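Trainee: Could you look at this predicted model? Sequence included:
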Amino acid sequence: MAQEELSPQDLDRIMPFTTTLGITFRSSDPSCVRATLDWAAELCTAGGALHGGTLMSLADSTAGACAYLNLPEGAAGTTTIESKTNFLGAVHSGRVEASSTPLHVGRTVIVVDTEVRDERGALVARVTQSQLVLARS
């Protein structure tokens, strides 16, 4: 199956960590990958806010999927080599949605921008990642 043909359900299947956290891919194509995560007490820090690591895991998952969908011909996959997160708000209830779009698609590195928004549409985190393109062995 070509990367550009992966459905949101395929991404859920090939990234088991997302199932552990409760992340659900909603849409997937090379130009944008979207996923959601519902607030849950077990994913929170003190004060009932979603843990920053939870939000980063959501962003890393959608960015990784976006990079994967933009792999050059013959590549095996990607791995995150750099990630910069700005937290802009706390999430105490509801659902968050991450949207990842490619900023640069190269033969060796793919750079992805991810916005994480709460149910009201407020930006709660912005993540920029560099994904190393892995060669087939």
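Mentor: Received the coordinates, thanks.
Trainee: Go ahead and name everything in contact with stretch 81-89.
Mentor: Contact with stretch 81-89 is made by 52, 55-56, 59-60, 63, 109, 118, 122-132, as judged by C-beta atoms under 8 Å, 6 or more residues apart in numbering. The way it works is simple: take the backbone N, C-alpha and C, and place the C-beta from them, glycine included.
Trainee: helix, strand or coil for Gly48?
Mentor: State at Gly48, reduced to three classes by DSSP: H, G, I helix; E, B strand; the rest coil: coil.
Trainee: likewise Ala63?
Mentor: helix.
Trainee: What is the burial count for it?
Mentor: 28 (other C-beta atoms under 10 Å).
Trainee: what do you get for Thr108?
Mentor: Neighbour tally, Thr108, other C-beta under 10 Å: 10.
Trainee: In this structure it contacts Leu134, no?
Mentor: No - contact criterion C-beta atoms under 8 Å: Thr108 and Leu134 do not qualify, at 9.8 Å.
Trainee: what helix or strand does Gly77 sit in?
Mentor: Using DSSP states H and E, the element containing Gly77 is strand 75-87.
Trainee: could I get that strand in PDB with only the CA atoms?
Mentor: Extracted in PDB, the C-alpha atoms of strand 75-87 (Å, rounded to 0.1, in the frame of the first residue of the first chain):
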ATOM      1  CA  ALA A  75      12.400   5.400   1.800                       C
ATOM      2  CA  ALA A  76      11.600   3.100   4.700                       C
ATOM      3  CA  GLY A  77      10.100   5.600   7.200                       C
ATOM      4  CA  THR A  78      11.000   8.500   9.400                       C
ATOM      5  CA  THR A  79      12.100   9.200  13.000                       C
ATOM      6  CA  THR A  80      11.800  12.500  14.900                       C
ATOM      7  CA  ILE A  81      15.200  14.100  15.300                       C
ATOM      8  CA  GLU A  82      14.100  17.500  16.700                       C
ATOM      9  CA  SER A  83      10.900  18.800  18.200                       C
ATOM     10  CA  LYS A  84      10.200  22.300  19.500                       C
ATOM     11  CA  THR A  85       6.900  22.900  21.400                       C
ATOM     12  CA  ASN A  86       5.300  26.100  22.600                       C
ATOM     13  CA  PHE A  87       2.500  25.600  25.100                       C
END
